[in-house]
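predicted model and sequence below, questions to follow.
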Amino acid sequence: MGAEKRAPAFRPAAAGALKDPELRANFRRAMDGLMARRAALFADPAEWRDLRALGASIRQRTLARLPALLERLESKCAGNGIRVRWAETTEEANALVLEILRARGATRVVKGKSMVSEEMHLNDFLEKHGIESLESDLGEYIIQLDGETPSHIIMPAIHKNRRQIASLFGRKIREAKYTEDVDELTGIARRVLRRKFFEAEAGISGVNFAVAETGTLCLVENEGNGRMSTHVPPVHIALMGIEKVVERLEDVPPLYSLLTRSATGQAITTYFNMITGPRGAGEKDGPAEVHLIILDNGRSRISSDAELSATLRCIRCGACMNHCPVYTRVGGHAYQSTYPGPIGKILTPQTEGVGRRHDLVHASSLCGACAEACPVGIPIAELLVRLRREAAHKSQGSSVLGAGEGRSRWESLAWALWKAAHRSPALYRLVGFAATRFSRILPSGLPILSAWTGESGQAQGLPPELLKTTRRLREAPRPARRTLHELVEEIGVDDA
Amino acid sequence: MSGIRLLQREGLRVVFPRGQTCCAQPAYNCGYHDEARAVARAQIALFRKPHPIVVPSGSCAGMMKRHYPALFEGDPFREEAEAFAARVFELTQFLSDVLEVKWTDRGEKVRVTWHPSCHSLREMGIDEEPKKLLAQLANVEVAPLARERECCGFGGTFAVREPEISAAMVEDKASDVVSTGAPLLLSGDGGCLLNIGGRLAARGERVRAQHIAQFLWERTNGR
């Protein structure tokens, strides 16, 4: 690794996104639709509670036995003719993919949707090595055309509306005539992709669940591109993170149901693929070779912490982003992280360093809407608080990457003063007395106060329409004339 | 104060330990847990008698009920923190579920809207309790917010660390409040009221933000 790149910063990116009304409208509309569809499919609270508890327990049971289950998966896959390779880092995973492709002389690849491949920046890597890697999921295809990264883990092009996609297709696809009709747009992409499926020498996909008991790779999708990518080309390479394993085949149906209902509000997806090896003797279709690359990329470090390992329960449904009031307003790109939204706020700081990405752990009001919607009960808000602690303190025995590297001397001093004022009743009363009597003469330029009112420099990043008609963002708080302690004294409430 | 009066009127003897300061949520949420523990310990020590602890703010109640035990994990003080947490009630929850109050409305006809705080809703599990209390008031019409369960953007230090997003959130909440047509916004959490009320005032709206306890007291006491 070279010199540390400068850490990305969420706040300026988010402030930029807030000033784009079209982007905000696209997200708001899409997230509202997704929330409504999900709610309709979990209409029975008791069923939701039970299914979610089952999902959480399956995932937690798996994570508790991760190394053993991965070994079992490897041997079962090998028995099915799937060649399994391990990668500790994304660089290793990329090198493994390249090695397989080179050995077959493959220069054209089609890809099904895979967030692990986004983690690896696989397309860029393959392009650099002279291999065309084409995304075949419609959303991924759209953003690849525009040179973008996914803004949502399930709907990667959700930041674009129909007109933006129409104009993109008009510009980038030569044979396409301009249209804003959704079916026609889909038809254009379909014609391009059909040809590519048959030309490709290899297909790459992700994995939703890998069953240790049977050595089966499960792939959930709606467009059929996953099936085409994994069955038509002669070589199939599947990519998965180590946490994607489940113990038994019977663990799959509840997780699948939680996934589709939470993600897109579907009772079931159009396609559910179960891949159990390459084409057998006498079979008419399927690839000649199936490879499975299992990536760690910081996950085993996360799994070693009893509390934080809940991060790895995630089944990548995206419900946390759909329900997040922050994500809804700034979209996925502001996070500058492969995984945006609430799950990204807990996962990325753990894989990239909690000091380097402490911007993400603080980018939350801790409202808890994410955890409420999470189908496997990840306590996201609580993990954010834990990671805030890790960012500011290097505690003994902590396995968190970059612990203590997000500490600010000013903030530590502020909390030390806060503690002193709130631990001593006498000092607290003095501060309260001062606040009620003298706060009106505080200068409005105080940083905390100006962030609150939107006055002075702090206001620069605010969406312009907010301050166009009003001078301040919020009126400054006006403390009561007397403290509560004084008032209760007056009406004679008992002390103890 | 209104919270104390509401409890006293039901015949309860209210005790207000004068040494109390803060539940320690700000430091806890920011990851400064040693500081939070020191302050939390001082609060717990003041409430040793086995009385229920009634808190007129959902997020403070959530801090004490949900996070105090976790804060003292592996500490000999944990047992005491847990016993304390078990006695914590949010005010509307206590009035509705424990005291089962029965009230008569003494006020004029009025339309109000209700904003539940995120922590009251999701940490304390309180949703229907305040609505049940308001439903007892014959002359009060509750006009629901379109996005009732969405955060107002306060989030303690979040409002200061991420002022742009917080601003966008409170702007939407303020617009939601205004579009109900109610002249009064009620909530059970000081932070939300400060935030939404502050934005409503800056916009020059006619809507006032008020704590539900004060509203309930005024309505049922005839001022």
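Cool, the structure landed. Numbering: from 1, shown residues only, chains lettered A, B, ... in the order given.

ok, now which ones touch the residue in chain A that chain B sits nearest to?
Among the residues of chain A, A:Ser365 lies closest to chain B, at 2.7 Å counting by CB to the nearest CB. The way it works is simple: take the backbone N, C-alpha and C, and place the C-beta from them, glycine included. Under the criterion of CB atoms under 8 Å, 6 or more residues apart in numbering or on different chains, the neighbours of A:Ser365 are A:325-326, B:118, B:151, B:153-156, B:158-159, B:166, B:169.

for A:Cys218, same thing?
Taking CB under 8 Å, 6+ apart, we find A:Cys218 in contact with A:207-211, A:252, A:256, A:272-275.

out of the residues you listed, list just those in strands.
A:209-211, A:272-275 (DSSP state E).

pull the residues that contact the lengthiest strand in chain B.
Counting residues, the longest strand found in chain B (DSSP E) is strand B:110-115. The contact list for strand B:110-115 (CB under 8 Å, 6+ apart) reads B:130-131, B:134, B:139-145, B:148, B:152, B:173, B:177, B:180-187, B:192, B:196, B:212, B:215.

could I get the buried residue list for it?
For strand B:110-115, burial by neighbour count (16 or more other CB atoms under 10 Å in any protein chain shown) applies to B:112-115.

where do the helices sit along chain B?
Counting by DSSP state H, chain B has helices at residues B:2-9, B:25-29, B:33-46, B:58-62, B:68-71, B:78-86, B:91-93, B:118-122, B:128-135, B:158-161, B:163-179, B:190-202, B:212-221.

so A:Phe10 touches A:Tyr335, yeah?
Yes - assessed by CB atoms under 8 Å, A:Phe10 is found in contact with A:Tyr335 at 6.2 Å.

what touches both of these two?
A:360, A:363.

closest to the centroid, which residue in the chain?
Because you didn't say which chain, this covers chain A. Centroid-nearest residue in chain A, with CA atoms, centre = their mean: A:Tyr339, separated by 3.0 Å.

nope, chain B please
B:Ser57 (2.5 Å).

OK, contacts around that one?
B:Ser57 neighbours (CB under 8 Å, 6+ apart): B:90, B:117, B:188-191.

same thing but at 7 Å, please
Counting by CB atoms under 7 Å, 6 or more residues apart in numbering or on different chains, B:Ser57 touches B:188-190.

could you dump stretch A:216-235 to PDB, C-alpha only?
These are the backbone C-alpha positions of stretch A:216-235, laid out as PDB (Å, rounded to 0.1, in the frame of the first residue of the first chain):
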ATOM      1  CA  THR A 216     -25.000 -24.600  -3.100                       C
ATOM      2  CA  LEU A 217     -24.600 -20.900  -4.200                       C
ATOM      3  CA  CYS A 218     -27.900 -19.000  -4.100                       C
ATOM      4  CA  LEU A 219     -28.500 -16.000  -6.200                       C
ATOM      5  CA  VAL A 220     -31.500 -13.700  -5.800                       C
ATOM      6  CA  GLU A 221     -32.500 -11.500  -8.800                       C
ATOM      7  CA  ASN A 222     -35.400 -10.100 -10.900                       C
ATOM      8  CA  GLU A 223     -34.100  -9.600 -14.400                       C
ATOM      9  CA  GLY A 224     -32.700 -13.000 -15.400                       C
ATOM     10  CA  ASN A 225     -29.400 -11.400 -16.000                       C
ATOM     11  CA  GLY A 226     -28.000 -13.300 -13.100                       C
ATOM     12  CA  ARG A 227     -29.000 -16.600 -14.600                       C
ATOM     13  CA  MET A 228     -27.700 -15.600 -18.000                       C
ATOM     14  CA  SER A 229     -24.300 -14.400 -16.600                       C
ATOM     15  CA  THR A 230     -23.900 -17.600 -14.600                       C
ATOM     16  CA  HIS A 231     -25.200 -20.200 -17.200                       C
ATOM     17  CA  VAL A 232     -24.400 -18.900 -20.700                       C
ATOM     18  CA  PRO A 233     -20.600 -18.200 -20.700                       C
ATOM     19  CA  PRO A 234     -18.300 -21.300 -20.400                       C
ATOM     20  CA  VAL A 235     -16.800 -20.000 -17.100                       C
END
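
flag the shaky bits of chain A, pLDDT-wise.
Low-confidence segments of chain A, defined by pLDDT under 70: A:1-5, A:440, A:443-445, A:456-465, A:467-469.

which residues in it form strands?
According to DSSP E, the strands that chain A contains are A:82-87, A:108-111, A:132-135, A:202-205, A:209-211, A:216-221, A:235-241, A:245-246, A:271-275, A:289-295.

out of those strands, deepest packed?
Across the strands of chain A, averaging neighbours per residue (mean count of other CB atoms under 10 Å in any protein chain shown) puts strand A:202-205 on top, at a mean of 28.

now the end-to-end length of stretch A:357-371.
From its first residue to its last, stretch A:357-371 covers 21 Å (CA to CA, to the nearest Å).

I'd say B:Arg87 and B:Ile53 touch.
Yes - the pair B:Arg87 / B:Ile53 is scored as a contact, 4.9 Å apart, by CB atoms under 7 Å.

more neighbours, these two?
Between B:Arg87 and B:Ile53, counting by other CB atoms under 10 Å in any protein chain shown, B:Ile53 is the more crowded of the two (20 against 15).

can you pull the contacts of the more buried one?
B:47, B:87-89.

the residues you listed, buried ones only, as a ChimeraX selection?
Buried members of the contacts of B:Ile53, identified by 16+ other CB under 10 Å, are gathered into one ChimeraX selection as follows:
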select /B:47,88,89
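
where are the low-confidence patches of chain B?
Along chain B, the parts satisfying pLDDT under 70 run over B:223.

in it, what residue is nearest chain A?
Counting by CB to the nearest CB, chain B gets nearest chain A through B:Gly155, at 2.7 Å.

can you tell me the closest non-neighbouring residue to that residue?
Sequence neighbours aside, A:Ser365 is the residue nearest to B:Gly155 in space, at 2.7 Å (criterion: CB to CB, 6 or more residues apart in numbering or on different chains).

what does A:Leu487 give?
Counting by CB to CB, 6+ apart, A:Leu487 lies nearest to B:Met1, which is 5.5 Å off, once chain neighbours are set aside.

just A:Arg474 next, same as before
Closest to A:Arg474 by CB to CB, 6+ apart is B:Gly198, at 3.2 Å.

ok, now which ones touch that neighbour?
A:474-475, A:477.

between those residues, which is closest to A:Ile343?
Nearest to A:Ile343 out of the contacts of B:Gly198 is A:Arg474 (CB to CB; 30.6 Å).

that closest one: neighbour count?
27.

hmm, B:Gly197 and it touching each other?
No - judged on CB under 7 Å, A:Arg474 makes no contact with B:Gly197 at a distance of 8.3 Å.

would you mind measuring from the residue lying closest to A:Thr276 once chain neighbours are set aside to A:Ile275?
Closest residue to A:Thr276 apart from its sequence neighbours, by CB to CB, 6+ apart: A:Thr216 at 4.8 Å. Separation of A:Thr216 from A:Ile275 (CB to CB, to the nearest Å) stands at 7 Å.

swap in B:Arg18?
Counting by CB to CB, the gap from B:Arg18 to A:Ile275 is 69 Å.

repeat that for A:Ser151.
Taking CB to CB, one finds A:Ser151 at 28 Å from A:Ile275.

repeat that for A:Ala56.
A:Ala56 is 26 Å from A:Ile275, by CB to CB.

what's near enough to touch the nearest residue to A:Ile154 once chain neighbours are set aside?
What sits nearest to A:Ile154 in space, not counting adjacent residues and going by CB to CB, 6+ apart, is A:Gly318, at 4.1 Å. Residues near A:Gly318 by CB under 7 Å, 6+ apart: A:152-154, A:263.

recalculate using a threshold of 10 Å.
By CB atoms under 10 Å, 6 or more residues apart in numbering or on different chains, the residues touching A:Gly318 are A:31, A:34, A:152-155, A:158, A:259, A:262-264, A:327, A:332, A:339-343, A:373.
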